[in-house]
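Visitor: return atomic coordinates for the entry below.
(chains A and B)
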Amino acid sequence: MTNVAEDRFLCFMLGEERFGIPLLNVREVIGVPDFTRMPFAPSHFKGLLNLRGQVIATIDLRQKFGFASKPGPENAVIVCEVGDVLMGALVGSVDFVFRATPSDVQTRVDVEANMKVDYIAGLFHHKSGLVMMLDLEKILNLQDRESLRQTNRGQERATA
Amino acid sequence: MDEILGIFFEEASGSIDELERLFLGLDEQSDPTAFKAVFRVAHNIKGSSKSVGMANMGRVTHELETLLIRLGEGKLKLGREMKTVLLSAIDSLKELLDRAQSTGRDDGSVEDIISRLRGVLAEAQEDSLIAELKGAQDGDIIFIDPVPLLESVGKELGTSLSLQDGKVISPETGTHPDAQFGAPSSQPRRHEPAAVSPVHPEQVAHRRTPAGQKGSGETVRVPTHRIDQLQNHVGEILVLQSVLTEQLRDHPSPLVRNALRQMKKVTREVQDSSMGLRLVSLKNLLVKLTRAVHDAAGALGKEVDFITYGEDTEVDKVLNEGLADPLMHMVRNAVDHGLETPDERMKAGKSNRGRIELTARSEGSFLVVELRDDGRGLDEDAIIKKATAKGLIAPGAALAPKQIFALIFEPGFSTKAQVSEVSGRGVGMDVVQTNVHAMRGHIDISSAKGKGSVFTLTIPLAISLLDGMVIRLGEEKWILPLHMVTESFRLLSCKIESVVGVGKVLNLRGESIPLVDLGVALGALGERSPPSEQVVIVSKDKDVRVALLVDSVLGIQTVVSKPLTAEMQARPGLSGCAILGDGKTSLILEVGSLHKSLSSRRRVA
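Guide: Model prediction:
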């Protein structure tokens, strides 16, 4: 039984740019909570938040992209679900849900060099403007959790 | 089909463990019912393996069954070699199961173990046949099973003999005209399981408990992550309930106060129940240890009586798993280093059989495991000598017995001239201690030279509940585990000195303890308190002592500690996180690793 939502995407804004992620990976959208800072973490790591008793790590997507442009207000956190991992993504605003089939998405992309092309899975032309489709796994750094664990352990060993 | 396989794997694993447990309890004196009990389990395994297509497991268990029937009939004696082969068969069953689980294939080689089983059966049959023949009178009729006998006779002759139509055949010379057996129909076919009474295989098949249920009482199979989730939520309810109680303590309405009181009681009970869901008994672990002692004793030529108490003690699944490695090592150590050889023991006036006792019991909120041996005990002089030689202590240092024994936990320490394969290189005891500390427990040793030693492990039963001291750094709240806190002072009443190359130290009754400004070290945001308000907390994590400068101590709270997962970018020095009563997430500090990482950071900077 195919899931009806497979071709649905959530569109959100970072600054002036529009981005899309698969709706299937969106658990919920919440207002910006208090974050608990993680010491010595990279600047794109916003911190930990409390989601009804569950502690979730959150990424500041703007920082992750390395946007230098003037920041819009950040109003929302998208709680994303990739596999069995829940992570938060801090964004400007969450706008609408749109439908796109693989044929609608342009994968050969020549984009301005002000953001990492890695994270972009393709481009979609929505009536309100161009939407950049994100590769969630890459941008949340989840594609290789084992190596993440190794990195953390390696750092432990290095400082031991 | 996957679900059936899944159930098979779980049940087979349990049955194999049961088989092992029963085997270990068998010896020459065992009566037929004991063997029959073992046969039943083996038969179950055979049946279910065959029904899911695990042919190899089926074959091995079939050979086991044959042996067990004979043993049960009293026709064979259970000697040491047979016991070893039987245990090896169990090992190969475990291996086959593991391999099938990980590769999805049943492709292990079982020829070796099968021939060993048959070999030991043939030998035992020969022995018993010889015994029968010796005791036979003229005119007695003795029945024998020709097949294994032919196999072993054939081996002796260097050929392979087989039986065909009652005639003995060898590949080289064809039929042996002189060696004939009666026609098959007149041959009592004693090796058929159907002849075993009173356990009839068909009866056994029907008595088999339906899938998903074990022995006494009904059980439900629940994935552990559901239990984890439940426990998570229950923990949070506890925290919220304590906040409510705190806030509404002086509420005017007696109805509200009453309800709060009730809620507190019920919440505690719900918590106990949910913690209870993950409890497992120590029985399996104790069986594993018994096996390890048996194998070690055999390998080292020592005679050991291993007695365990407290197999019904229940602990959290995680604790059970955490105990396995340390106890395994300690128990092997006891056999290898602790106990003397039978000769040495006789010379010392002890019985030639060494005695090792393992007692597990719960004491309050702790699990206490005591490992006692009546071996040679720890030699204080030898330890001191070795430690001095390794530069661990100053020569001539005066140490209390406890401190001397504690030296064996130093990495690389081993007083045995030859480190054996059984208990490994001298990396053992320090790893054991690390593991025990990781479970927030500790090890105590007491020993008398020539008499024996007692190792006592004390480990908290509740794994995720933590008593924490909530401290403020700037505008941030942090948690320091209470068991790491030894004392605290106002900053102004402390003697702080500067040491070149180290930085600030606290002079505590003559001792210099490094002082760390936690707010600065962790990069805390927000306004810091003036020195007149700041507090110094003297902390101790295993053997690391650090004085921590904090802005204020907010109180002590019991929290549910949650793990920091890979994507949370946690660095060394943090052991988990918890949600405080105000709903904010707070990080839990681990003093030892924090200090190490801060020192190395400083070195690098």
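
Visitor: which residues of chain A fall in helices?
Guide: Assigned by DSSP state H, the helices in chain A fall at A:61-65, A:136-139, A:145-159.

Visitor: okay, buried residues for the first one please.
Guide: Spelled out, it's helix A:61-65. For helix A:61-65, the neighbour count (16 or more other C-beta atoms under 10 Å in any protein chain shown) marks A:61-62, A:64-65 as buried. Just so you know, the C-beta spots here come from the backbone N, C-alpha and C atoms, and that holds for glycine as well.

Visitor: try the second one
Guide: Using 16+ other C-beta under 10 Å as the test for burial, helix A:136-139 gives A:136-137, A:139.

Visitor: distance to residue B:36 and pLDDT added to these, as JSON lines?
Guide: Shown next, in JSON lines, are the buried residues of helix A:136-139 (distance: C-beta to C-beta, whole Å; pLDDT from 0 to 100):
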{"residue": "A:136", "distance to residue B:36": "60", "pLDDT": "88"}
{"residue": "A:137", "distance to residue B:36": "57", "pLDDT": "85"}
{"residue": "A:139", "distance to residue B:36": "64", "pLDDT": "83"}
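
Visitor: show me what contacts residue B:370?
Guide: B:357-360, B:454-457 (C-beta atoms under 8 Å, 6 or more residues apart in numbering or on different chains).

Visitor: cool, residue A:51 as well?
Guide: A:30, A:79, A:86, A:88.

Visitor: from memory the first one sits against residue A:86, does it?
Guide: Translated: residue A:30. No - with contact defined as C-beta atoms under 8 Å, residue A:30 does not reach residue A:86; the gap is 11.9 Å.

Visitor: strands - which of the contacts of residue B:370 land there?
Guide: B:357-360, B:454-457 (DSSP state E).

Visitor: and residue B:459, its phi and psi?
Guide: phi -130, psi 130 (degrees, to the nearest 10).

Visitor: got it, and residue A:105?
Guide: phi -90, psi 130.

Visitor: and for the nearest residue to it once chain neighbours are set aside, the neighbour number?
Guide: Ranked by C-beta to C-beta, 6 or more residues apart in numbering or on different chains and with sequence neighbours excluded, the top spatial neighbour of residue A:105 is residue A:122, at 3.9 Å. Residue A:122 has 18 neighbouring residues, counting by other C-beta atoms under 10 Å in any protein chain shown.

Visitor: kindly state the beta-bridge partners for the nearest residue to residue A:22 once chain neighbours are set aside.
Guide: Excluding the flanking residues, the one nearest residue A:22 by C-beta to C-beta, 6+ apart is residue A:9, at 5.9 Å. Taking DSSP bridges, one finds residue A:22, residue A:98 as the beta-bridge partners of residue A:9.

Visitor: return the distance of residue A:9 relative to residue A:131.
Guide: Relative to residue A:131, residue A:9 is positioned 8 Å away (criterion: C-beta to C-beta, to the nearest Å).

Visitor: where do the contact lists of these two overlap?
Guide: With C-beta under 8 Å, 6+ apart, residue A:9 and residue A:131 have common neighbours A:20, A:98, A:124.

Visitor: TSV for those, including pLDDT and neighbour count?
Guide: Output for these, formatted as TSV (pLDDT from 0 to 100; neighbours: other C-beta atoms under 10 Å in any protein chain shown):
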residue	pLDDT	neighbour count
A:20	94	25
A:98	92	19
A:124	90	21
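
Visitor: of the residues you listed, closest to chain B?
Guide: Distance from chain B was checked for each of the shared contacts of residue A:9 and residue A:131 by C-beta to the nearest C-beta. The minimum falls on residue A:20, at 22.0 Å.

Visitor: excluding sequence neighbours, find me the nearest residue to that closest one.
Guide: residue A:9 (4.2 Å).

Visitor: next, the residue nearest to residue B:474 when sequence neighbours are not counted: secondary structure please.
Guide: Excluding the flanking residues, the one nearest residue B:474 by C-beta to C-beta, 6+ apart is residue B:526, at 3.2 Å. Going by DSSP: H, G, I helix; E, B strand; the rest coil, the secondary structure assigned to residue B:526 is coil.

Visitor: ok, residue B:526 to chain A distance?
Guide: Per C-beta to the nearest C-beta, to the nearest Å, residue B:526 is found 10 Å from chain A.

Visitor: next, that residue: phi, psi?
Guide: According to degrees, to the nearest 10, residue B:526 has phi 100, psi 170.

Visitor: and what of residue B:76?
Guide: Dihedral angles for residue B:76 - degrees, to the nearest 10 - are phi -130, psi 160.

Visitor: distance of it from residue B:25?
Guide: 18 Å.

Visitor: and these two? which has more neighbours close in?
Guide: Per other C-beta under 10 Å, whichever of residue B:76 and residue B:25 has more neighbours is residue B:76, with 21 against 13.

Visitor: pretty sure that one sits against residue B:67.
Guide: Yes - taking C-beta under 8 Å as the definition, residue B:76 is a contact partner of residue B:67 at 7.5 Å.

Visitor: what sits in contact with each of the two?
Guide: Joint contacts of residue B:76 and residue B:67 (C-beta under 8 Å, 6+ apart) are B:82, B:121.

Visitor: which non-adjacent residue is nearest the residue nearest to the spatial centre of chain A?
Guide: Compute the mean C-alpha point of chain A, and by C-alpha atoms, centre = their mean the closest residue is residue A:89, 5.0 Å away. Leaving aside its sequence neighbours, residue A:89 sits nearest to residue A:78 (C-beta to C-beta, 6+ apart; 4.7 Å).

Visitor: do I have it right that that neighbour meets residue A:86?
Guide: No - with contact defined as C-beta under 8 Å, residue A:78 does not count as touching residue A:86 (11.0 Å).

Visitor: from chain A, how far off is residue B:519?
Guide: Distance, residue B:519 to chain A, using C-beta to the nearest C-beta: 11 Å.

Visitor: mind checking pLDDT for that residue?
Guide: In this model, residue B:519 is scored at 93, pLDDT.

Visitor: same deal with residue B:574?
Guide: 90.

Visitor: quick one: residues contacting it.
Guide: Here residue B:574 is in contact with B:564, B:587-590, B:594 (criterion: C-beta under 8 Å, 6+ apart).

Visitor: and the closest residue to residue B:411 other than its chain neighbours, how far is that from residue B:399?
Guide: Nearest non-adjacent residue to residue B:411, counting by C-beta to C-beta, 6+ apart: residue B:430, 4.4 Å away. Distance from residue B:430 to residue B:399, counting by C-beta to C-beta: 18 Å.

Visitor: and for residue B:556?
Guide: 35 Å.

Visitor: same drill for those two, tell me which one is more crowded.
Guide: For residue B:556 versus residue B:399, neighbours defined as other C-beta under 10 Å are more numerous around residue B:399 (15 against 12).

Visitor: is residue B:558 bridged to anything, and to what?
Guide: Those that pair with residue B:558 in a beta bridge, by DSSP bridges, are residue B:467.

Visitor: so it sits against residue B:468, correct?
Guide: Yes - using C-beta under 8 Å, residue B:558 is in contact with residue B:468, at 7.5 Å.

Visitor: quick one, strands of chain A?
Guide: Using DSSP E, strands in chain A cover A:8-14, A:17-22, A:26-31, A:45-51, A:54-60, A:76-82, A:85-91, A:93-99, A:120-126, A:129-134.

Visitor: could you dump those to TSV with distance to residue B:229?
Guide: What follows is the strands of chain A, written out as TSV (distance: least, C-beta to C-beta, whole Å):
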stretch	distance to residue B:229
strand A:8-14	26
strand A:17-22	25
strand A:26-31	15
strand A:45-51	13
strand A:54-60	9
strand A:76-82	15
strand A:85-91	13
strand A:93-99	27
strand A:120-126	32
strand A:129-134	29
